[in-house]
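[1] sharing a model prediction with you, sequence too.
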Amino acid sequence: MGFLPCDDKNVYWFFTWTPTDQDEEAEHDSVKMRQLILSKMKSEMSGVVASPLRYRWPFDILTGSISKGNVSVAGDSLHPMTPDLGQGGCSALEDAIVLSRSLGEALQEGKLGNATEEEEYASIKKGLEKYAKERRWRSFDLVATAYAVGYMQQSEGVIMSFLRDKCFPGILARTLIKRAGFDCGMI
């Protein structure tokens, strides 16, 4: 479970759980899901939105298209991840910085103001390709690491519980600090 105050009156919160056999049917029935959340969280339901996490193979980021022509993806469209690292919003801001820098440099290299439509398109395409190249591995790293951290935190069994409880806290702290300390450069 995690929560974040938005203002004086609102709190954004989320929780994840591994459903038991009894809870399994609630996953696809909104009425049962409401009852389950009320029983577990003791919360008002008017502001609750259920959004199931969908698995996206992290290697799709390495092999898929990030940009095509003068269109590109950014933010959650590029790197959807579980909240285990707390880097979703931060990585979207990184995208914005890298994207603006890449486009700015590409457009400055062109005939700024005097470019034909084809030349401008080529400059934008070049900037988006640079952005995609720069963000590909960082995005893969964040998505794969978030998945691995979440998997380890939710795993069961004697060995995994021991590793998670005794060895994992130090590793997790270093992992979070390393991912949060990323410098995407100046605009």
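    Yep, that arrived.
[2] going forward, measure contacts between C-alpha atoms and count neighbours the same way
    Will do.
[3] okay, and for the protein, where does confidence drop off?
    Flagging of the chain using pLDDT under 70 yields the residue ranges 1, 15-19, 22-23, 27, 41-45, 47-54, 112.
[4] quick check: longest helix of it.
    Taking DSSP state H as the criterion, the chain has its longest helix at helix 117-154.
[5] return the set of buried residues in stretch 76-92.
    Going by neighbour count (16 or more other CA atoms under 10 Å), the buried part of stretch 76-92 is 78-85, 87-88, 91-92.
[6] what's the farthest-apart pair in those?
    Farthest-apart pair in these is 78 and 84; separation 17.2 Å (CA to CA).
[7] which residues in this structure form strands?
    According to DSSP state E, the chain carries its strands in the segments 2-5, 11-14, 67-68, 71-72.
[8] and those strands: which comes nearest residue 126?
    strand 67-68 (10.0 Å).
[9] and that closest one, how far out from the chain's middle?
    Offset of strand 67-68 from its chain centre (CA atoms, centre = their mean, to the nearest Å): 19 Å.
[10] now do stretch 137-146
    Using CA atoms, centre = their mean, the offset of stretch 137-146 from its chain centre is 9 Å.
[11] now it - C-alpha only, PDB.
    The C-alpha trace of stretch 137-146 is given here as PDB (Å, rounded to 0.1, in the frame of the first residue of the first chain):
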ATOM      1  CA  TRP A 137      17.900   1.600 -22.100                       C
ATOM      2  CA  ARG A 138      16.900   3.800 -19.200                       C
ATOM      3  CA  SER A 139      13.300   2.900 -19.800                       C
ATOM      4  CA  PHE A 140      14.100  -0.800 -20.100                       C
ATOM      5  CA  ASP A 141      16.100  -0.600 -16.800                       C
ATOM      6  CA  LEU A 142      13.300   1.100 -14.900                       C
ATOM      7  CA  VAL A 143      10.500  -1.300 -16.100                       C
ATOM      8  CA  ALA A 144      12.600  -4.400 -15.600                       C
ATOM      9  CA  THR A 145      13.800  -3.300 -12.200                       C
ATOM     10  CA  ALA A 146      10.300  -2.400 -11.000                       C
END
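[12] if I look at the nearest residue to residue 119 once chain neighbours are set aside, how far off is residue 185?
    Distance criterion CA to CA, 6 or more residues apart in numbering; nearest residue to residue 119, sequence neighbours excluded, is residue 110 at 7.4 Å. Counting by CA to CA, to the nearest Å, the gap from residue 110 to residue 185 is 22 Å.
[13] alright, that wraps it up for me.
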